[in-house]
Each structure stands twice: as structure tokens, then as C-alpha cells.
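Engineer: Test case, fold it:
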Amino acid sequence: MRIEVRNVTFRYDSEDVLRNVVMDIGQGVTGIVGPNGSGKTTLLKCLNGLLKPQKGSVTMDGRSMDGLSGSEIARMSAYVPQMGGRHLPRTVFETVLMGRKPYITWNPGSRDLEAVGRIIDLLGLSDICGRDINSLSGGQRQKVFIGRALAQEPKILLLDEPTANLDLRHEMEVMRIIRKQAAKGVTVVMSIHDLNLAGRYCDTIIMMRQGRIHDVGGPDVLNSRNIRDVYDVKARVLRRSNMTVIWPL
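Structural biologist: Residues are numbered from 1 along each chain as shown. Predicted structure coming up:
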């Protein structure tokens, strides 16, 4: 599924957070990178209809977000926000089941329960499916929230900093889950701070600076000049096959 963004501007009060953003996103994994305050989270929320731009348009497969109901958007795209603090007491199974809300008219049916069961197995959550999500580690919770998004059966998966504060093992697990969804044809868009992870796992990288798109392309967008211009940091970049290694000087 394609996402088209045309001249999107979004402001909080009188401050422009996004400024005339234009981009096209297709299948695969697209990573949005840039320093804090560059507009990454705001852009993701505009893509999912959580925020309405003051100017410009967002379309999914040619359908304007303005003409879609909340339920229609939820069946097309799923959003995984940044991990916060404590959540309402709820088991892993119940949390993943919440992703079926766009399809449930009253009570969950057998298809809903089967879908949740498949996702729990897919993500390796079977052993903890009865536990309160507040009792889980950060990595486990993140997998649960991704599971909730997958239960929506989305064609577009939007993730805001999916590996933030995760240890190395859970970081790798989350990125492999994301790549598997892309291999199934899901369009994945995520904001990400770790440029090395972006260079390894993203097909397309959108580099943002002060609410504008600075550069777009493959992993070669992560070059020393762009990093200097966007982050004001001198860095050395080594690229071998599908690996990108960046370290500051």
C-alpha cells in the first residue's frame, strides 16, 4: 500500500512542527530519522489520522485520510506509540485482543480469538499470555503492543521508536518482527534514533531536520555530510554489504 504526503504542514499553537512535507512511501521498511524535535512523531500521527494537518493532504492508495472514518483507518493502518509508564491492568491476551476492535461488533468471535492466538504464537508470547502487561519487561511489553497492532491485520504499520530503551536481544527480536511483516507485504514506517539500526534494517530512510525532509533514499542517505548537517556531529560511516556502521569523531 502506498502513502502519499503532499505539502503537509502541522503546527502546535503558532509553532510549525512540520513544514510543507512531501513524500511517497511504498512497501518495505521506511525509517524516519532526525534529532529530537525534528517532527518524526508528529509526522507518524498525521499518517495515521491522529493529527489533522492545517495544510496539505495524506492519502492511502489514493484515498484521502479526510474521507475515511476512524474504523476504516484502523483496518488499513496500525500505530504503535512510544512506550510509556504503567497501563491499565490487562493481560497480554486481552491487550492483543484489543487490536480486533475494528472488526468486533459486540463480542469477539472465533475468528478474532484464532487471530490473537496466531499472533501470540508468532511473537513467542504463549508463556506469558495470562500475565498483567505491567509485570513485563520493556522488551516483552513492546512485543505485546506490536502484537496488538498486528491483530488489526493492517496493510500499514506505523511505529514510533520501537526499539527505545530495549536491551540488545529484544532490540533484535523487534527488528526481525518488523522485517518479517514487510516481507509479507505490509508497508512499515517507523521513527528511529539508532542510525546503525536504520542503516541495517530499513529499505528507505527519510532524514528530517526542523520539520522538513532533508534527504530521502537508501542507507547511503546516512553519510557523513548529512549527519553533520542534520545532527551537527562529525561522524565516520563504514558501509559493507547491508551493514552500516556509524561512529562519531
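Engineer: mind listing what Leu122 touches?
Structural biologist: Residues counted as contacts of Leu122 (CB atoms under 8 Å, 6 or more residues apart in numbering) are Gly147, Leu150. All C-beta spots, glycine's among them, are computed from the backbone N, C-alpha and C.
Engineer: give me that answer again for 10 Å
Structural biologist: Lys143, Gly147, Leu150, Ile177, Lys180 (CB atoms under 10 Å, 6 or more residues apart in numbering).
Engineer: element containing the residue lying closest to the third one once chain neighbours are set aside, please.
Structural biologist: Take Leu150 and drop its neighbours on the chain: the residue closest to it by CB to CB, 6 or more residues apart in numbering is Ile119, 5.2 Å away. When secondary structure is defined using DSSP states H and E, the element that contains Ile119 is helix 110-122.
Engineer: List the buried residues in the following helix or strand past that helix.
Structural biologist: Following helix 110-122 in sequence order, the next helix or strand is helix 138-150 (DSSP H and E). By neighbour count with 16 or more other CB atoms under 10 Å, helix 138-150 contains the buried residues Gly139, Gln140, Arg141, Gln142, Lys143, Val144, Phe145, Ile146, Gly147, Arg148, Ala149, Leu150.
Engineer: With stretch 115-134 instead?
Structural biologist: In stretch 115-134, counting by 16+ other CB under 10 Å, buried: Ala115, Val116, Ile119, Ile120, Leu123, Leu125, Ile128, Cys129, Asp132, Ile133.
Engineer: now do stretch 169-182
Structural biologist: Quick answer for stretch 169-182 (16+ other CB under 10 Å): His170, Glu171, Glu173, Val174, Met175, Ile177, Ile178, Arg179, Gln181, Ala182.
Engineer: Tell me the spacing between the residue most central in space within the chain and Val188.
Structural biologist: Nearest to the mean C-alpha position of the chain, by CA atoms, centre = their mean, lies Leu159 at 1.6 Å. Distance check for Leu159 against Val188: by CB to CB, to the nearest Å, it reads 7 Å.
Engineer: Hmm, Thr204 is touching Val221, no?
Structural biologist: Yes. With contacts counted by CB atoms under 10 Å, Thr204 reaches Val221, the gap being 8.6 Å.
Engineer: In the worst-scoring helix or strand of the chain on mean pLDDT, which residues are buried?
Structural biologist: Within the chain, no helix or strand scores below strand 243-248, which has a mean of 82 by mean pLDDT, DSSP states H and E. Residues of strand 243-248 classed as buried by neighbour count (16+ other CB under 10 Å): Thr244, Ile246.
Engineer: Need the contact partners of it.
Structural biologist: 194-202, 205, 218-224, 227, 231, 233-239.
Engineer: Now intersect those with the strands, please.
Structural biologist: Those of the contacts of strand 243-248 mapping onto strands are Ile205, Ala235, Arg236, Val237, Leu238, Arg239, per DSSP state E.
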